[in-house]
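1. Here is my input, please return the structure:
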Amino acid sequence: MILSHVLKLLFRVVLLGLAVVLFVVDREMLDFTAIQGVNFGSVLLGIFWIVLVVEMIFRLIPNKRVAMGARKHFAYSYSPVQKSTSPLPHGLHQGAFLSALAWFVITGVGLLVLFLLELLSPQIVFIIAIAYAVVDLVFILFFCPFQKLFMKNFCCVDCRIYNWDYFMMCAPLILFPSMFSVSLFVLAVAVLLRWEISIRKNPHFFVRATNKSLHCSSCKDKLCKLKRKEGF
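-> Just a heads-up that it's a prediction; the model follows:
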């Protein structure tokens, strides 16, 4: 699982690099609101769209192609801790709220500055979306400020906001509505809602104290290897 995440990171970095180069050379080809014909830009947009759609569908249906942290909201991934009397942590939602606030402020301020400078465009938000996709995997594999500052979770496996990533990636795209951006945004919202409904109905799925599947002894993903987490 860790190798697939490293390869996915490299793939996203290449996409980001190509998008930046194309933005400099011929930015009109990255305008997802007016895709015309088959060219390098439309192919790049198409690859990004297909990859994200497939990955989000995998988050919506029970399957083992994604990491445990992303599928712990499904009942089949739940393994109850025998005779557990540990209460659910009070900070489960507080950390999520602070993380959402931090993302909203950083993203909102950044977009507002671009707007005031008259730099905001479909091409820019597309590059932002890919950059967020890269940062997402950097957070998983190397260092996550949300985990360190707000969530205080042991590792990504028991992360309260693991499936927020696609919403964070796709939200800026909706500033320029099109079939491309709206379809990605709607799917991202569906992933987010499915996750949030589950955590309110079955909070015990998300906590190490009540779900044995989130213990190191049950982990097959080993995504913490590069972070050198204690207990790996």
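2. Remind me what the host helix or strand of R12 packs against, helices and strands.
-> Here R12, judged by DSSP states H and E, is contained in helix 2-26. Judged by 3 or more C-beta pairs under 8 Å, 6 or more residues apart in numbering; DSSP states H and E, helix 2-26 is in contact with helix 40-60, helix 122-141. (Each C-beta comes from the backbone N, C-alpha and C, glycine too.)
3. V135: how many residues sit nearby?
-> The tally of other residues near V135 (other C-beta atoms under 10 Å) stands at 17.
4. For the helix holding R12, could you pull out the residues that count as buried?
-> If you call a residue buried by 16 or more other C-beta atoms under 10 Å, then helix 2-26 has these buried ones: H5, K8, L9, R12, V13, L15, L16, L18, A19, L22, F23.
5. ok, those vs C156, which is closest?
-> Checking the buried residues of helix 2-26 against C156 by C-beta to C-beta gives H5 as the nearest, at 9.8 Å.
6. how near is the spatially most central residue of the chain to L30?
-> For the chain, the residue nearest the mean C-alpha position is D165 (1.8 Å; C-alpha atoms, centre = their mean). D165 sits at a distance of 22 Å from L30 (criterion: C-beta to C-beta, to the nearest Å).
7. quick one on the thing from earlier: name the nearest residue to the residue nearest to the centre of the chain, ignoring sequence neighbours.
-> Nearest non-adjacent residue to D165, counting by C-beta to C-beta, 6 or more residues apart in numbering: D136, 4.6 Å away.
8. likewise I57?
-> The shortest distance from I57 to any non-neighbouring residue, by C-beta to C-beta, 6+ apart, is to L187 (7.6 Å).
9. in the host helix or strand of that neighbour, what's buried?
-> Element membership for L187 (DSSP H and E) is helix 179-201. Residues of helix 179-201 classed as buried by neighbour count (16+ other C-beta under 10 Å): 180-181, 184-185, 187-188, 190-192, 194-195, 198-199.
10. I174: which of those is nearest?
-> Proximity of the buried residues of helix 179-201 to I174 (C-beta to C-beta) peaks at F185, which lies at 4.5 Å.
11. Is it correct that the closest one is in contact with I174?
-> Yes. Using C-beta atoms under 8 Å, F185 is in contact with I174, at 4.5 Å.
12. gap between stretch 47-66 and the chain center?
-> Mean-position distance between stretch 47-66 and its chain equals 11 Å (C-alpha atoms, centre = their mean, to the nearest Å).
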